[in-house]
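>>> please find the sequence and the predicted model below.
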Amino acid sequence: MVSGSEQFRQLLDGLSHLHALGILHCKLRPASVLLNSPGVLKLSGLGLGRVAAAAQRSDSRQAARDAIATDGFDPPEVMRAAVQGPILDDELPSLSTAAKQAADVFSAGVLLFWCLTA
């Protein structure tokens, strides 16, 4: 059996790998983390994931609305946008790719907290 700390390390390694490829997960939730019988963690739910460069210049209104969630796994800046109403990707130029990657890491931390307190 793989320990919880090893599973969390696998989660962060997976996010690091995605970010190294220029991919943002954008929707890290308990349902998007799968664990197989040998204890290997897999990330799923990449339907909303986007290539970081495309996320910087996308003008898709629906993609922006779909990326906003209100379930508590998103960082404060995303939650603030959800409360204020739908936003457009072109309204987010101030968020660098590094900041968007940090949002994935924030969601991983919330997921860890959720696992430890559930």
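Good, I have the coordinates. Residues are numbered from 1 along each chain as shown.

>>> biggest helix in this structure, by residue count?
In the chain, with assignment by DSSP state H, the single longest helix is helix 97-117.

>>> show me the contact partners of that one.
Residues from elsewhere that reach helix 97-117 (CB atoms under 8 Å, 6 or more residues apart in numbering): 4, 8, 11-12, 15, 18-19, 22, 24-26, 28-30, 33, 52-53, 55-56, 72-75, 77-78. (Each C-beta comes from the backbone N, C-alpha and C, glycine too.)

>>> can you do 7 Å?
Applying CB atoms under 7 Å, 6 or more residues apart in numbering, the contact partners of helix 97-117 are 4, 8, 11-12, 15, 19, 24-25, 28, 30, 33, 52, 55-56, 72-75, 78.

>>> can you give me the buried ones in that helix?
Within helix 97-117, the residues that count as buried by 16 or more other CB atoms under 10 Å are 100-101, 103-108, 110-112.

>>> out of those residues, who's nearest residue 37?
Ranked by distance to residue 37 (CB to CB), the buried residues of helix 97-117 are led by residue 111 at 21.0 Å.

>>> against residue 96, how distant is that closest one?
Using CB to CB, to the nearest Å, residue 111 is found at 23 Å from residue 96.

>>> do the same with residue 104
Distance of residue 104 to residue 96, computed by CB to CB: 13 Å.

>>> then residue 44?
26 Å.

>>> show me the shaky parts of the protein.
Across the chain, the ranges flagged by pLDDT under 70 are 47-70, 80-95.

>>> what are the ranges of the strands in it?
Under the criterion DSSP state E, the chain contains strands at 23-24, 33-35, 41-43, 50-51.

>>> contacting residues around the second one?
By that I understand strand 33-35. Under CB under 7 Å, 6+ apart, the answer for strand 33-35 is 7, 11, 41-44, 111.
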